[in-house]
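*Asks:* Requesting a structural model of the entry that follows:
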Amino acid sequence: MSRKRIGVLTSGGDCPGLNAVLRGIFCSAEEQGWEVLGFRDGFEGMLPDGGDVIPLTRENTAGIMQTGGTILGTTNKGHFTSKAAGGDRMVIPDEVIARASKTCRDLDLSAIIAIGGDGSMSTSLQLYRAGFPMIGVPKTIDNDLEATAMTFGFDSAVACVTDALDRLHTTAASHKRLLVVQVMGRHAGWIALWGGIAGAADIILIPEIPFSLEKVAEEVQRRDAEGFKSTLLVVAEGARTQHGQQFRKQSASGEWRLGGVGEMIAHEVEHRTGKETRTCVLGHLQRGGDPTSLDRILGIRFGVKAVQLATEEKFGTMVSYQNQDVMEVPIAEAIHRLKRVAPDCQLVGTARAVGISFGD
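*Replies:* Below you'll find the model as predicted:
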């Protein structure tokens with residue numbers, strides 16, 4: 001009797017902890033006597049005849065848990081894109097589904113584990129409804145999926161922001177400047193909030209609490225008057241003004257992406273206060289690098305749980321972390337539900353209690 005096989009892929013943006021999930025999947029599957037085949041570059045690896053796959057082994061998974069990125073490669077473009085630039089959902093063409101289905105039959109896969117964010121889970125749900133044995137593992141450094149209390153990669157991103165703020169405090173103080181640090185966070189401000197508090201920022205601007213440029217300028221001037229000649233401001237890329245304005249830039253491909261809010265704030269506050277200002281955009285630094293110990297452990301736990309769901313044939317479900325336990329939820333109930341920062345939550349209250357301004 002041949003060994004059962006699991007297919008696994010990483011889709012969407014990379015983040016620290018992906019390789020830990022792959023390690024957890026391989027080691028757990030091996031204990032069950034299953035083989036694991038990794039699709040290269042996300043769902044796109046399903047399309048070539050026979051699949052573009054890498055057999056996971058003891059050799060190629062040894063030592064990967066502590067490294068960033070993904071040994072399988074990933075993409076957020078291609079034939080399986082389930083979310084358009086404007087946020088509209090797209091349907092995967094029948095021809096693409098048919099090609100992927102043939103590949104999975106030829107490989108004799110008993111389960112397919114897809115590791116990705118909201119868009120990747122939307123793709124997984126479409127494939128599940130088309131008859132694929134799909135299991136989802138949530139991944140987003142923004143930590144904005146309602147169906148799980150935490151996702152791997154988030155803690156590493158917060159650590160990156162915290163380290164940057166620690167370094168910028170000294171240069172801001174030396175030159176008596178306002179330093180504006182733009183971080184990731186399209187719809188939710190978790191990275192800015194956690195990183196800002198941990199890194200002792202003076203002002204934190206997030207999408208959930210619209211800010212006023214006048215209030216930000218007044219806070220900078222108040223600090224100056226009280227003898228605090230430098231100010232550190234952290235802003236999520238999706239932060240919006242009290243008039244609802246967000247800031248976008250057009251890429252070379254013509255796609256509009258969030259960006260530029262840090263530069264805008266720096267320019268406006270310098271104009272209003274006369275305070276010398278500089279901007280630092282952390283960008284993909286937050287995605288790269290080695291995962292923290294928390295993200296390694298969470299990744300391993302997610303991988304082990306995904307294999308358990310495969311052995312129990314609980315297809316159409318997604319791994320979820322709730323109340324210190326790793327469990328499962330239906331993919332259909334997990335997607336399209338963003339977890340945002342509540343303006344009156346305890347963590348925002350904690351920040352306000354220590355004098356951090358939200359520009360409101």
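*Asks:* and the closest residue to residue 295 other than its chain neighbours, how many neighbours?
*Replies:* Nearest non-adjacent residue to residue 295, counting by Cβ to Cβ, 6 or more residues apart in numbering: residue 17, 3.9 Å away. Bear in mind the C-beta positions are built from the backbone N, C-alpha and C, glycine included. Around residue 17 there are 32 other residues, counting by other Cβ atoms under 10 Å.
*Asks:* how much space between residue 17 and residue 155?
*Replies:* 8 Å (Cβ to Cβ, to the nearest Å).
*Asks:* and this structure, what are its domains?
*Replies:* Here the domain parsing of the chain from automatic domain parsing is 5-152+291-334, 155-288.
*Asks:* would you list those in JSON lines and tack on mean pLDDT and distance to residue 354?
*Replies:* JSON lines is the format used below for those (pLDDT from 0 to 100; distance: least, Cβ to Cβ, whole Å):
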{"stretch": "domain 5-152+291-334", "mean pLDDT": "92", "distance to residue 354": "22"}
{"stretch": "domain 155-288", "mean pLDDT": "92", "distance to residue 354": "8"}
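*Asks:* Determine which of the ones you listed approaches residue 347 most closely.
*Replies:* domain 155-288 (6.2 Å; Cβ to Cβ).
*Asks:* Between its first and last residues, what's the separation in the closest one?
*Replies:* 12 Å (Cα to Cα, to the nearest Å).
*Asks:* between residue 17 and residue 155, what contacts are shared?
*Replies:* 291, 295, 298 (Cβ atoms under 8 Å, 6 or more residues apart in numbering).
*Asks:* Next up, the contacts around the last one.
*Replies:* To tie it back to what came earlier, the one meant is residue 298. 17, 20, 150-152, 155, 321.
*Asks:* how about 10 Å then?
*Replies:* 17, 20-21, 24, 148, 150-155, 291-292, 321, 326 (Cβ atoms under 10 Å, 6 or more residues apart in numbering).
*Asks:* ok, so of those, who is nearest residue 360?
*Replies:* Closest to residue 360, out of all of the contacts of residue 298 and judged by Cβ to Cβ, is residue 154, at 24.6 Å.
*Asks:* any idea how far that closest one is from residue 174?
*Replies:* Taking Cβ to Cβ, one finds residue 154 at 31 Å from residue 174.
*Asks:* Compare the two (neighbour count), which wins?
*Replies:* Between residue 154 and residue 174, residue 154 has the larger neighbour count (other Cβ under 10 Å), namely 26 against 9.
*Asks:* What strand or helix carries the closest residue to the more buried one other than its chain neighbours?
*Replies:* The shortest distance from residue 154 to any non-neighbouring residue, by Cβ to Cβ, 6+ apart, is to residue 143 (4.0 Å). In this structure, residue 143 is located outside every helix and strand according to DSSP states H and E.
*Asks:* My guess is residue 143 contacts residue 186. True?
*Replies:* No. Contact criterion Cβ atoms under 10 Å: residue 143 and residue 186 do not qualify, at 12.0 Å.
*Asks:* residue ranges for the helices of the protein, please.
*Replies:* 18-32, 58-61, 94-107, 118-129, 154-175, 190-198, 213-225, 261-273, 293-311, 331-334, 346-353 (DSSP state H).
*Asks:* Tell me which of these approaches residue 239 most closely.
*Replies:* helix 261-273 (5.5 Å).
*Asks:* Check which residues of the closest one are buried.
*Replies:* Buried residues in helix 261-273, counted by 16 or more other Cβ atoms under 10 Å: 261-266, 268-270, 273.
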